[in-house]
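1. Kindly generate the corresponding structure for this input.
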Amino acid sequence: MPQFDRRATYVLALLGDTSHTPYHVGAYEALAQTPAPLELMPDWLCGSSAGAITAAIIAGNKPDRRGPALHEYLEFCTSGPLADVPSRRSPFDRVRRQLGLASQIERRRFETTKMLLRLVDFDLINHGPMRLTMVATNAVSGHWRIFDNRHGWISPEHVLASGLASPENEGVSIDGELYWNDDHLPFTALETLLRGEPDELVAFVVDPWSRAAPSPVTLTEKRSRAKEVANATRLVKNIDSVANQFSLQNAARVSAFRPLSAATAEPGRLDIVHALMARDVSAAPDPVTPHKARQTAYEMVSRATHAAPWNRPRDASTAVHKIAAEGGISTKTYETIAAAPVASHQSRVAEALSSEESDILKKLRSTLIAGTTASYLDALSPEPPRSDRKPSPLQRPSLNFALEGAQAWQDEVVWGSQFDLVVNYGLAGEADLGGVRSQLLDTLIDRPALTLGITIVPKGLLLVDGIAARDARFENGALTGDRPRFKLAAPPRAETSDEESEPHGIHVVISVGGALIHSFFLEIHPVDALGSAAHAPIMIDLDLQAIAAAKPEERIAELFITSKGDSWLVYWNIDGVRGEPEVTSVVTPSKLKAAYDSLIVDDIRKIANNALWKTIDEKLTLPSDDTARALAQEAMQAAVTVGSKLYHLLSEDPVFQKMFERIEELPFGARIAVITDSVVFPWEMLYPLTYIDGYPPENYQPPRFWGNRFVIESLLIVTSTAEKLPSNRQQAGQFHVTMGLNDSIDQEKTWQGRNLLPVKLQKDFFDQSLAPRGKYAVGYDQVVAAFRDQAANPSLIYFFCHGTADILEFEKSKQFTAFHVTGPPFANWPLVFVNACDAGNISPVSFLSFRKEFRKRRSAGLVAPSFPVPTLFAAVFARTFIERYADRKPVGQILFDLRRDLLADNNPLGLWYSLQCPLDLKAPV
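-> Residues are numbered from 1 along each chain as shown. Next up, the predicted model:
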């Protein structure tokens, strides 16, 4: 068995119509079933035409589910609705429509959509490890467009646009434009390999057309053969073009960006394995059965994996290996560049540039990436080495994360070994685990001084020295002092037998002045021996210059609280003092829930049920009569009791006690960031003095509530893919509000005969102040339609309804759940305000499912109640909040000011609302 280079990215390109699906499946199975530990499971799927559907099914299923899903899709293609799809539009389309064929085409599209929704997990596509690229044609301009799950959201519409040929695809609307699959397009999806930096790439292309065949006799045979020849010629030219362009881009890069003193340059490499099948499954007169086609592809690709022709000398950057159906492997290499001296390359390119007729010049001009031509040509001219020379835009510096240790390499560590996670700044190396880069990082780093906070949260790994946070300091463009280093250990294999299916790795949080700007997960693979599971490093773009220009407000405290079984792992950075990671022992999630249910819930319900809240006016003011004042005092005393109980319940654990002691020393108005994987505490309600039902009276001091003293944000740490918070905390675009209202609330018996109705109040406010800048919807159907309107680009999404922990109720018979939230990313990082009123079982962990789904769609986060909120108060509070948000005040400051104003009026209900997004978020200009 050959030794496979797991540093390489393995690509599978799938093309052809649905009759070629058996070839797709056979090729994938051959790669996926390569014997362990040398699995060649594709890292990247490129699909066009029907190959896009196959690719989506593979990427949209976990490995153990791919086989059954592909088998079902094969049945769908060979005997289902797609089996008899016409392959071209003809002059008889109008007659066919009259005969009912149009309805059959619509049925095929409907059935294909239903099949995709059944077989494909689009959330896995968009957040999973496998890269997926597809292509479709703009029906108006005729230009093709690449859909890539690393650069945008993939939905069923994208797959339909790419996967259904134009006869049965009347076009799919994407971003307001019509797309379909034009199967005349000379595209294999391999062109996407040219869009990144050079890498170690091995791409398998399944070719069902290139073959010798008997001379056709009948008209049907001639048409079939003409189709084969046209497709085969087009594919061969396409492969050759991609190989040429990749080689020439490498030549330009090596000539431009390696110093003249270097003896050699080592650019990226591309090996294309061109596997020729026996013949088109649908071709007459001797069609291949689906089973035979699948077996043929499996055998052809298996032959390639056994030969491994890409394990070749590094004397050429690009090679195409043709695997013939009748046996034999031939290899064509392209321009030799890797081993030649750089000075020689510069001389050759300079000579080429002096001749207007030079073929090299023509190729360079035609293949250089748009927007970088000038920098390429400038760099190609001979130039003496300079010590202050900047790296090229295509070799951008980055914050790179690497593992160091005798038993660590790339993203692998040996079970039970110790290793270091080290942060570097510069060009990425082959041993790097991953990193963060920015096109404009130089500009920011070149400032006199910059400090990035880097905090890690290990998952399935152990911190050896207890230090989970380091600073990366830059002065005048250089990383100063020691490189940030974290000491870790992999657990012994015996201790992880029940958890080996869970990913191991590091959550990385990057902050500036305590403001979280980026978080991502670096997966690390514990192995028995190095070299068995390493993957290509991830690289994450981060525009730090935009973040510096936005000047996020400094947080004086960062609290990290993550789940660890039935405990919490807690560490903090408070006013420059860092606490070591510690695990709670006295207070656990289960104990706190039990205490909450027995000691807190009844008090909270009494406060929420106070009849006083139905007398509040449109300015959040309570009546001034003695009865109202007595009720307000009663509610405030009960709230102080609740806050005291919560504070002291948590303080029983020494881990929380140490953290709370530090927080109590912070000045008024201090900004605090709480970063967590799922833990939600009602921080605003915490009250540090002992006070139970009026005793001791001297401890009745409502200004001591944390919500009255501090501006607090609670942010979710990502658990898988990278996530950037808005670099500019002022939202982009124009201010737009999408409101969803349960208008049946006003018809409830409790509001009959009252002048101030909760829903009418908000409708009137919208009509008077917001109408040109948004819309509101009432009832389930309207709310769902408004929420899914992708053209709206809201800045604020607001729900006013009844609800429970995981359900929002806009009509009694229909439920709005977190599943309704799934969809493509929002454009303008909207704030989501979930104002669920009079909900019977709201708690601090309510709406967590909504919170996670909205974050996946790139919302900025949530404002939501931690406890049940009286209906009228909720309506008036929200109106005041939206009014101030539209005036572009920071969301944290809005809530802070409202709480303080309400507490001064003996109203504790402002403390009920928690801020689960960046506290400095502001509406658009």
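2. Could I get the full set of helices for the stretch 401-550 of the chain?
-> Under the criterion DSSP state H, counting those that start in this stretch, helices of the stretch 401-550 of the chain are mapped to 441-445, 544-550.
3. which one of those helices has the lowest average pLDDT?
-> Note on the helices of the stretch 401-550 of the chain: lowest mean pLDDT is at helix 441-445, with a mean of 44.
4. what about Gly565, is that helix, strand or coil?
-> Following DSSP: H, G, I helix; E, B strand; the rest coil, we place Gly565 in the coil state.
5. give the contact list for it.
-> Contact criterion C-beta atoms under 8 Å, 6 or more residues apart in numbering gives no residues in contact with Gly565. The way it works is simple: take the backbone N, C-alpha and C, and place the C-beta from them, glycine included.
6. same thing with Glu553?
-> Counting by C-beta under 8 Å, 6+ apart, Glu553 touches 513, 515, 671, 729, 890, 919-920.
7. likewise Gly579?
-> Counting by C-beta under 8 Å, 6+ apart, Gly579 touches 570-573, 658-659, 662.
8. measure Gln701 to Gln637 for me?
-> Between Gln701 and Gln637 the distance, using C-beta to C-beta, to the nearest Å, works out to 12 Å.
9. And the two? Which one has more around it.
-> Neighbour tally, Gln701 and Gln637, criterion other C-beta atoms under 10 Å: the higher count belongs to Gln637, 19 against 13.
10. Spell out which residues make up each domain of the chain.
-> Following automatic domain parsing, one gets these domains for the chain: 1-46+188-342, 49-125+136-183, 343-380, 396-552, 582-713, 730-916.
11. where in the stretch 601-750 of the chain is pLDDT low?
-> Under the criterion pLDDT under 70, the flagged ranges of the stretch 601-750 of the chain are 718-727.
12. now for the particular helix or strand that has Leu248 in it, which elements pack on it?
-> Using DSSP states H and E, Leu248 sits in helix 219-257. On a contact count with 3 or more C-beta pairs under 8 Å, 6 or more residues apart in numbering; DSSP states H and E, helix 219-257 meets strand 200-207, strand 269-276, strand 318-323, helix 342-353, helix 359-367, helix 373-380.
13. average pLDDT across the fourth one?
-> Rounded to a whole number, the mean pLDDT of helix 342-353 is 42.
14. how about Leu599, what does it touch?
-> Contacts for Leu599 (C-beta under 8 Å, 6+ apart) come out as 645, 649.
15. Recalculate using a threshold of 6 Å.
-> For Leu599, the contacting residues are Lys645, by C-beta atoms under 6 Å, 6 or more residues apart in numbering.
16. and it, helix, strand or coil?
-> Using three-state DSSP, the secondary structure recorded for Leu599 is helix.
17. how close does it sit to Thr641?
-> Using C-beta to C-beta, Leu599 is found at 10 Å from Thr641.
18. which ones are touching Tyr798?
-> 739, 833.
19. Next, it: phi, psi?
-> phi -130, psi 130 (degrees, to the nearest 10).
20. What of the one 5 residues further on?
-> Dihedral angles of Gly803 (phi, psi; degrees, to the nearest 10) stand at phi -170, psi 170.
21. Could you do Leu921 as well?
-> phi -60, psi 140.
22. my read: it touches Ala860, true?
-> Yes. Taking C-beta atoms under 6 Å as the definition, Leu921 is a contact partner of Ala860 at 5.2 Å.
23. so what's Asp743 closest to, chain neighbours aside?
-> Excluding the flanking residues, the one nearest Asp743 by C-beta to C-beta, 6 or more residues apart in numbering is Val778, at 4.2 Å.
24. partner residues bridging the one you found?
-> In this entry, Val778 is beta-bridged to Leu741, by DSSP bridges.
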